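K.L.:
how would this look folded up:
(one chain, ligands or ions: 1)
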Amino acid sequence: MVLNPVISKLSGKLVVLASSSPRRLEILRNAGLRFEVVPSWFKETLKKGLFKAPHEYAVETAKQKALEVARRMPIKHLKTPDMVIGADTIVTVDGMILEKPVDKQDAYRMLSSLSGKEHSVFTGVAIVLCHEKDDDELDYQMIDFYEETKVKFADLSQDMLWEYINSGEPMDKAGGYGIQALGGMLVEYVHGDFLNVVGFPLNHFCKQLDVIYNHCSFVNPETTESVYDRHSSPILIEQKDTSTSIPRHSSPSASPLHKVCQRRCAYKCCSSFAKVNRLSKQDAGEIKLHNSETTMLSVMRSGDGAVIDQTEPKKGDLGLICELMDGFKASKALFTASKFGLFDVLHKKPGLDAEQIAQEIKASVKGTETLLEACVSLGLLKTRDTGCPKPGFENTDEASCFLRSDSHFSLHAYIQHCNDTLWPVFAHLESAVREGTSQHGKVKSSTEICQVIILQLRFMHAMHSSAKVAATAVATAFDLSSYKTACDVGGCTGAIAYELIKIHPDLSVAVLDLPAVVEMSAPFQRQHTDKRVTFKAGDFLKDELPKADLYVLVRILHDLTDEKLHILLRRISDACTPGCGLLLSEIFLDENRSGPSRGLLQALSMSEGKQRSAAEYSRLLKGHGFITAQVKHTNSLLDAMLCTKA
Ligand SMILES: Cc1cn([C@H]2C[C@H](O)[C@@H](COP(=O)(O)OP(=O)(O)OP(=O)(O)O)O2)c(=O)[nH]c1=O
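P.N.:
Prediction:
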């Protein structure tokens, strides 16, 4: 029997403690929890200066510890846990964060700074609820919180300090002491949860389990979402915008905008993937559970209108509005940094300071400093301690992966397209809405139309870069082994085609696109030698389609008028024999058209077409004799659907 009935809710589940701390293990074992211990490999190296408050550092470290284990287990241990618990304990005094001492001298420095004073001990805790997926990614929801305990040390003489240090006890403990053992003798008083100091706030943890299992419905994408019927969680606490898929190795830092408007929400639940992020806003509510000092539980639900207890105004709403107000500034900062080649410079020379960077990018020092600081706040750059008064700068993992112009998944060209083409189009949004027309024409005529070829090449670069990022998800979405020949209709530079043949060794792909596009796509093909991809010049609305048993339409249909769309689908249908496949890839809107924002925002600048849900596409294709076999929300830039000709 266990004292706390919530603990028993976890029986039968694979619970994992992502910690090597013997104290945490003991506290949770004593509470009756059954779990496995898988110590986290996450290195506690987050830059403390980037956090507004010490507890945010502890919480973020706890999250990273837990996520590292949650991601590693399905690969290394071949099992997906139901819950992973991570924790991080820090001591703070006089604005400093003290972790475990590196040596005796360090322990001495820490303990003397605590002598005769009150300090705070924070433990950040992260609970990761994992949902098994059959592909290579992990769906999870994250709940995090922290607990603060105040501890006052007596005045400690030098002799006493060294005697304590020589006992060996301080070395593996935050702040250099263990309150549960000899260190207890140094303590005058404790305000708050004692176990929190020892490394785990058991009481707060149980309260959180209570909220999770008794008061809160979390979305399990595996069990509650069907292809055409995505239900929202009745309670969505906070969400991260990570609509691009996150490779397992990259750190899932909060979205830049999320960081800009950091909400003072001690309790967060978020899904890291677009699928769960697409929850309906109307159904969203908030839970805020503050640390035990304020002992305040405030639950607000807007879905059914029932307010359980509302002790605070809805601060979260202001955060959302701030995010939206500042969104254009953040985008433009990214575009500008990208245009100046900032991420390339820092890839080649990491650690340069603002002045050196200004020289490299040929910009003013003042302007560069401001841009660098903005980029740090957006999670695009990190500062590096160079030992000099001026900090050095380096790329974050996200910047290295997506923002360098030479990286495999570079979005550099697409970002330039956003800056040069879409940004001016969006400046005309008011007219677009008033007139119901695309503003591309206006923008083009104000730029020099004679540069059409350059613009087209830029556009191809943009499409190529975003297609490369989406390609793996599209190519691996379905088992295509039964198809031998494919035609990528409007396949532009062949980014998708080359990925398809990489994943499916028996497949060859003909890329069909306009003669001018095929001609200009030659430079993109130089790096490829595989002859299984061929290019055919032609207009897919007029010319004969290459014979294939799989037709591929990636980001084509959304951009066509209804008339053109039906012409194209009829032509593909005529070219298909029964059993032929159609692989369609687009952003699929939610069935109630409430998201995802990427799709709906893109619609604002679209010239002729329309964004649709998976069911709408499915109906369209059915009208041309195709039966939808499978739909996949890939969590990448594009979703996918596989249909068969009846
Ligand atoms: C202040 C204090 C800390 N501690 C311990 C708790 C933690 O184990 C440690 C703080 O370091 P942490 O980095 O939080 O934890 P850890 O490295 O021991 O384990 P892991 O990273 O694998 O989770 O200090 C005490 O045991 N007693 C105390 O009084």
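K.L.:
what about residue 17, how many neighbours?
P.N.:
26 (other CB atoms under 10 Å). Using the backbone N, CA and C atoms, a C-beta is placed for each residue, glycine as well.
K.L.:
Ramachandran coordinates for it?
P.N.:
Main-chain dihedrals, residue 17, degrees, to the nearest 10: phi -100, psi 110.
K.L.:
ok, now which ones touch it?
P.N.:
Residue 17 sits next to 24, 25, 28, 35, 36, 37, 38, 85 when contact means CB atoms under 8 Å, 6 or more residues apart in numbering.
K.L.:
7 Å instead?
P.N.:
Residues counted as contacts of residue 17 (CB atoms under 7 Å, 6 or more residues apart in numbering) are 24, 25, 28, 35, 37, 85.
K.L.:
Next, format those as a markdown table and append pLDDT.
P.N.:
A markdown table is the format used below for the contacts of residue 17 (pLDDT from 0 to 100):
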| residue | pLDDT |
| --- | --- |
| 24 | 95 |
| 25 | 92 |
| 28 | 93 |
| 35 | 89 |
| 37 | 90 |
| 85 | 97 |
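K.L.:
Save these as TSV, and put in neighbour count too.
P.N.:
Output for these, formatted as TSV (neighbours: other CB atoms under 10 Å):
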residue	neighbour count
24	24
25	17
28	22
35	18
37	16
85	24
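K.L.:
Out of these, list just those in strands.
P.N.:
Members of the contacts of residue 17 lying in strands (criterion: DSSP state E): 37, 85.
K.L.:
Would you state the helices of the stretch 301-450 of the chain in chain order?
P.N.:
315-339, 342-348, 354-361, 365-377, 397-398, 412-417, 423-427, 429-435, 440-446 (DSSP state H, counting those that start in this stretch).
K.L.:
between these, which one is nearest to residue 587?
P.N.:
Evaluated with CB to CB, those place helix 412-417 nearest to residue 587, the distance being 14.3 Å.
K.L.:
for the record, mean pLDDT for that closest one?
P.N.:
Helix 412-417 comes out with an average pLDDT of 92.
K.L.:
To the ligand, which of the helices of the stretch 301-450 of the chain lies closest?
P.N.:
The minimum distance between the ligand and the helices of the stretch 301-450 of the chain falls on helix 397-398, with 20.7 Å, by CB to the nearest ligand atom.
K.L.:
still on that earlier bit, which among the helices of the stretch 301-450 of the chain is found nearest to residue 50?
P.N.:
Of all those, helix 365-377 comes closest under CB to CB, at 7.2 Å.
K.L.:
how about that closest one: buried residues?
P.N.:
Buried residues in helix 365-377, counted by 16 or more other CB atoms under 10 Å: 368, 369, 371, 372, 373, 374, 375, 376, 377.
K.L.:
what's the closest of the contacts of residue 17 to residue 326?
P.N.:
Among these, and counting by CB to CB, the member closest to residue 326 is residue 85, at 34.1 Å.
K.L.:
what sits against that closest one?
P.N.:
17, 18, 66, 125, 127.
K.L.:
cool, residue 589 as well?
P.N.:
599, 611, 612, 613.
K.L.:
among the residues you listed, which one has the lowest pLDDT?
P.N.:
For the contacts of residue 589, the pLDDT minimum is residue 599, 88.
K.L.:
circling back to that earlier point, tell me which of the helices of the stretch 301-450 of the chain sits nearest to residue 111.
P.N.:
helix 365-377 (33.1 Å).
K.L.:
which outside residues touch that closest one?
P.N.:
By CB under 7 Å, 6+ apart, helix 365-377 touches 259-260, 333, 336-337, 354-355, 357-358, 361, 381-383, 393.
K.L.:
Same question for stretch 69-78.
P.N.:
With CB under 7 Å, 6+ apart as the contact definition, stretch 69-78 has outside contacts at 16, 18, 38, 40, 79-81, 84, 128, 130, 138, 140, 248.
K.L.:
Kindly provide the distance from residue 200 to residue 187.
P.N.:
Applying CB to CB, to the nearest Å, the value for residue 200 to residue 187 is 18 Å.
K.L.:
Verify the stated contact: residue 46 with residue 63.
P.N.:
No. Judged on CB atoms under 7 Å, residue 46 makes no contact with residue 63 at a distance of 10.0 Å.
K.L.:
okay, those two: which has more neighbours?
P.N.:
Neighbour tally, residue 46 and residue 63, criterion other CB under 10 Å: the higher count belongs to residue 63, 26 against 19.
K.L.:
In this model residue 143 seems to touch the more buried one, though I could be wrong.
P.N.:
No. Using CB under 7 Å, residue 63 is not in contact with residue 143; the gap is 9.8 Å.
K.L.:
one step back: just give me the closest of the contacts of residue 589 to the ligand.
P.N.:
Among the contacts of residue 589, and counting by CB to the nearest ligand atom, the member closest to the ligand is residue 599, at 40.1 Å.
K.L.:
Buried by neighbour count: which residues of the helix or strand harbouring the closest one qualify?
P.N.:
Residue 599 belongs to helix 597-603 when assigned by DSSP states H and E. Neighbour counts over helix 597-603 (16+ other CB under 10 Å) mark 598, 599 as buried.
K.L.:
buried ones in stretch 456-465?
P.N.:
458, 459, 460, 461, 462, 463, 464, 465.
K.L.:
how about these in a markdown table, adding pLDDT?
P.N.:
What follows is those, written out as a markdown table (pLDDT from 0 to 100):
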| residue | pLDDT |
| --- | --- |
| 458 | 80 |
| 459 | 83 |
| 460 | 86 |
| 461 | 86 |
| 462 | 85 |
| 463 | 88 |
| 464 | 88 |
| 465 | 87 |
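K.L.:
Narrow the contacts of helix 365-377 to those that are buried.
P.N.:
260, 333, 336, 337, 354, 357, 358, 361, 381, 382, 383, 393.
K.L.:
With distance to residue 491 and pLDDT as added columns, please give these in CSV.
P.N.:
Shown next, in CSV, are the buried ones among the contacts of helix 365-377 (distance: CB to CB, whole Å; pLDDT from 0 to 100):
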residue, distance to residue 491, pLDDT
260, 38, 27
333, 33, 92
336, 32, 94
337, 31, 95
354, 43, 93
357, 39, 96
358, 42, 96
361, 35, 94
381, 35, 92
382, 38, 91
383, 42, 88
393, 39, 94
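K.L.:
Do stretch 98-107 and the ligand come into contact?
P.N.:
Yes. Against the ligand, stretch 98-107 shows contacts by CB under 6 Å from any ligand atom at residue 100.
K.L.:
C-alpha coordinates for that stretch, CSV please?
P.N.:
In CSV, the C-alpha atoms belonging to stretch 98-107 read as follows (Å, rounded to 0.1, in the frame of the first residue of the first chain):
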residue,chain,number,x,y,z
LEU,A,98,26.3,27.1,-7.2
GLU,A,99,26.4,23.6,-8.6
LYS,A,100,28.6,20.7,-7.6
PRO,A,101,32.1,21.8,-6.7
VAL,A,102,34.8,20.7,-9.1
ASP,A,103,37.5,20.4,-6.4
LYS,A,104,38.2,21.2,-2.7
GLN,A,105,39.1,24.8,-3.4
ASP,A,106,35.8,25.2,-5.2
ALA,A,107,33.9,23.7,-2.3
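K.L.:
Not counting its own residues, what contacts that stretch?
P.N.:
44, 90, 91, 110, 165, 170, 171, 172, 173, 174, 175, 176.
K.L.:
what mean pLDDT does that stretch have?
P.N.:
Mean predicted confidence for stretch 98-107 is 95.
K.L.:
ok, the one residue in the stretch 401-550 of the chain that gets nearest to the ligand - how many residues close by?
P.N.:
In the stretch 401-550 of the chain, no residue comes nearer to the ligand than residue 401, which is 26.2 Å away by CB to the nearest ligand atom. By other CB under 10 Å, 20 other residues sit near residue 401.
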